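Asks: output the structure for:
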Amino acid sequence: MPIAVCYTYRNVDIVLSLGHNDIKAGFSVVTTVEGCEINHINPGTAAERAGLSVGDEILAVNGMEVEGKSHEEVVSYIQECIRTRIISLKVRRKSIDLNQQSSSAEPAITEAFLVSVNKERIKDVTKRLKKKNPLVKTFDMETIASTETPTQQPTPSCAGLPQIHQNATDRLKLYESDVKERLVQKAERQKEQEFLRSSLRQSKKLKALSTTIEKPVSIDMPEVSPSDGKVETRNINGYENQCYEQGEFVYGKIENNNNQAIPLKQVIVSVDRITDHLSRLEGKEEESKILHEFFHSEPVQAAIEAIAVHRTTEKTKNDGSSVIANGTTTHNTTTSTEPNIHVVSLFKREDGYLGATVRNQDDRIVIGRVVKGGVVEKTGLLKEGDELLEMNGIDLRGKDVTEVCELLRTISGEVRFVVSSSVSQEKTTSSSPKVTHMRALFDYDPEDDIYVPCKELALKFQRGDILHVLSTDDENWWQAYREGDDTTQSLAGLIPSSSFHQQVVLYMDELEKDEKPKCRTESRKKLHEVIRTLGRKSSKEVQRSADEPVRSNTGYYSDLLTYEEVVLHLARTDRKRPLVLCGPEGVGCLELRQQLLESDRDRLAGPVPYTTRPQRDGELDGIHYHFITKQRFLEDSKAGKFVEYGEYEKHLYGTAAADIVNVIKRSKTCVLTLKAESLIAVRTPEIMPFILFVAPPSLQTLRRQKECAGQFNVKDEELKSILSQGKSIEQKFGHLFDCIIVNTDFNRSLEEMKSILKRLETEPQWVPIEWTT
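Replies: Numbers count the residues shown, from 1 in each chain. Next up is the predicted model:
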């Protein structure tokens, strides 16, 4: 007797996104009496990734209905859509309605447990099962064994249908219980530490170990007037040994909000734990011994018991402070013991990211960073510091960050997290964060960086790129966009902060002196030691060390250079920015400058140079040259009036900064050539130059240019020297360049320079922020 099967139909919208390697959509269609149906799907194609199923009836393709269309017309239109790389299908999908089946029908397979060493075989079996039994739920036993505990393995449902979420409520209750227990333990440890710190204040032996000796301060309790209720407060530093925290004490109204006594036994257990930590892990045996002797002495233990008795009998008001033995009052920083457990559901594209990084904190998985522009940041459902307890039914507690990242990498579609967040951890984010614009002064490739927390989210950039920094909350890794990136379609990238990059550079210098580490783990460990050492310096000191090479007399590049803050600036019509040409000798800077000046004498001009050579016939003082004596020339050079000077045929020549400013005041664009060593002298707010580096072309092109200029006997060594000088200049002074052109063709280079001059007058340019302030 045949089985009576009832079907239900529903319309489904499916979008096929073809990747770079996809040539075809990956499915074929057949025309039947009912319409145009999918009869085959190729594995690993866009059709399979989008969830298209065999038997789906196509209703529309990219909005065009296919009803009444022939098979050739439908196929032809689909092939045209492939060119756009996006195919939007509206299909009618049928599924078995088990509730309407005849009682004589054979029961459908609802759960299948698969065991195989061949993953492809599992995929084929799963497809065939789902084709015959649309509601079947499959379980890969290898995956279950590696990710689930025995008590969490799924069992067949007696009701005939898989109950995927039948234990979700129980799991949430278990998570809530575990988190609450941890918060209670944290609160108890906090109370113990506060009590220990308050007791240690009076230890003379421990005070002798303090790294900083301060003059004792006499303490006078203030008189509190009931009428005004004001309390005079003042702060003093607590115990300053590095093993203990520095506390803040407020002297005033003595009231206690917590009369629970800490028993002597609990105090001794806490002390033993601390002394064991100091002795075994930090190697501070002397301090450990003093602590042990202090708390195990009879007078101290008697005092602790007396305080415990006093607290159990004392009844005071609750004002958020606690009383210690010597009458001082400390703020009671209690930790909330009520967990905040909730479920967060996000959608993750197959080739996309959620926009957050995770880190290990003890045995927990915690959100370490929320990236600007990502799904997490846009939804606001996850925040930094939130603990991830579960992901799609997989317990994340006790897992390593690497395992979690691998799980996330293989998941697409809906991702459900069970999250524990604390109200105190939530940050109030500004609706419009301040954006800082930076010019990169070094090249960065995350593939070469072993310290980057997430290579996929890191931003690659080159020296000279403009970076728009959105967040500097993390002291080591900032979030930024590169100039020209589409901020609506991409995530903000991670870039090393100024201080972190400098610390890595200094660490690499240390490696050159010492033996190199054997592995990446050792490299990270040694880097943290260097960072702790450098952390004793203030950020201003580290920043100053990076700025010194920029403001030095030579302007040489330094590995400590990081970023230069810039702003957009549009030059005024009456104050045009000078164009400074720089390049190796013989590349053609002088010829390009001369041709550029002759092309427009009304708008362009050059500074009048100074010289000590005798005046020739036809030369006018102040027009062709400033003719001065050698003594005056030396005096002016010593006074710093020249941005560049040198000797040629036993005569001195120089260019003064005042002459460049004179050209600017005449509302003309000053065009001049300078050596690379002189560039730093003109990078001032008074001059604001646009520095153009003219790079040499290939050896063959350079030889052809020399021959066109009538120089036929140029040796290969001379040409190679020009190329070598060009690379050296770009390496040492590249952070000072605003633009680079390769002089492959003289006329083309001249047109590029004219185009640059036009942009300088009509378009805003990025300049150092110091020039505008």
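Asks: a strand runs through Ile495, doesn't it?
Replies: Yes - under DSSP: H, G, I helix; E, B strand; the rest coil, Ile495 falls within a strand.
Asks: wait, doesn't it sit right on Pro453?
Replies: No - with contact defined as Cβ atoms under 8 Å, Ile495 does not count as touching Pro453 (11.9 Å). C-betas here are computed from N, CA, C, even on glycine.
Asks: how far away from the center of its chain is the helix or strand containing Trp771?
Replies: Assigned by DSSP states H and E, Trp771 falls within helix 769-772. The chain centroid and the centroid of helix 769-772 are separated by 27 Å, computed with Cα atoms, centre = their mean, to the nearest Å.
Asks: in the stretch 1-150 of the chain, where is pLDDT below threshold?
Replies: For the stretch 1-150 of the chain, the stretches with pLDDT under 70 are 1-7, 20-21, 33, 84, 95-111, 113-121, 131-132, 134-137, 139-150.
Asks: elements contacting whichever helix in the chain runs longest?
Replies: As assigned by DSSP state H, the longest helix anywhere in the chain is helix 168-200. Here helix 168-200 touches helix 264-280, strand 341-348, strand 387-391, strand 413-420, going by 3 or more Cβ pairs under 8 Å, 6 or more residues apart in numbering; DSSP states H and E.
Asks: of all the residues in the first one, which ones are buried?
Replies: Taking 16 or more other Cβ atoms under 10 Å as the basis for neighbour counts, the residues of helix 264-280 that come out buried are Leu264, Gln266, Val267, Ser270, Val271, Ile274, Thr275, Leu278, Ser279.
Asks: can you name the residues bridging to the most centrally placed residue in the chain?
Replies: By Cα atoms, centre = their mean, the chain has its centre lying nearest to Leu494, at 2.2 Å. On the basis of DSSP bridges, Leu494 takes part in beta bridges with Ala458, Gln479.
Asks: wait, it sits on Trp478?
Replies: Yes - the criterion here is Cβ under 8 Å, and Leu494 meets it with Trp478 at 7.3 Å.
Asks: quick one, strands of the stretch 1-150 of the chain?
Replies: Ranges of strands in the stretch 1-150 of the chain, per DSSP state E, counting those that start in this stretch, are 7-17, 27-31, 36-41, 57-61, 64-65, 86-96, 111-114, 137-140.
Asks: okay if I get those strands as a markdown table plus mean neighbour count and distance to Thr744?
Replies: Rendered in a markdown table, the data for the strands of the stretch 1-150 of the chain read as follows (neighbours: other Cβ atoms under 10 Å; distance: least, Cβ to Cβ, whole Å):
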| stretch | mean neighbour count | distance to Thr744 |
| --- | --- | --- |
| strand 7-17 | 13 | 41 |
| strand 27-31 | 17 | 50 |
| strand 36-41 | 17 | 52 |
| strand 57-61 | 19 | 49 |
| strand 64-65 | 12 | 50 |
| strand 86-96 | 18 | 40 |
| strand 111-114 | 16 | 63 |
| strand 137-140 | 16 | 60 |
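Asks: could you dump those into a markdown table and include distance to Phe417?
Replies: Output for the strands of the stretch 1-150 of the chain, formatted as a markdown table (distance: least, Cβ to Cβ, whole Å):
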| stretch | distance to Phe417 |
| --- | --- |
| strand 7-17 | 25 |
| strand 27-31 | 33 |
| strand 36-41 | 31 |
| strand 57-61 | 36 |
| strand 64-65 | 40 |
| strand 86-96 | 29 |
| strand 111-114 | 26 |
| strand 137-140 | 22 |
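Asks: to Arg439, which of these lies closest?
Replies: strand 7-17 (36.2 Å; Cβ to Cβ).
Asks: with just CA atoms, put the closest one into CSV.
Replies: The C-alpha trace of strand 7-17 is given here as CSV (Å, rounded to 0.1, in the frame of the first residue of the first chain):
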residue,chain,number,x,y,z
TYR,A,7,3.4,18.6,1.3
THR,A,8,3.4,22.2,2.4
TYR,A,9,4.7,24.9,0.1
ARG,A,10,6.5,28.2,1.1
ASN,A,11,8.2,30.9,-0.9
VAL,A,12,11.9,31.4,-0.1
ASP,A,13,14.2,34.3,-1.2
ILE,A,14,17.8,33.0,-2.0
VAL,A,15,20.7,35.2,-3.0
LEU,A,16,23.7,33.6,-4.8
SER,A,17,26.9,35.6,-4.4
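Asks: contacting residues for Phe690?
Replies: Residues in contact with Phe690, defined by Cβ atoms under 8 Å, 6 or more residues apart in numbering, are Arg577, Pro578, Leu579, Val580, Asp738, Cys739, Ile756, Leu760, Gln765.
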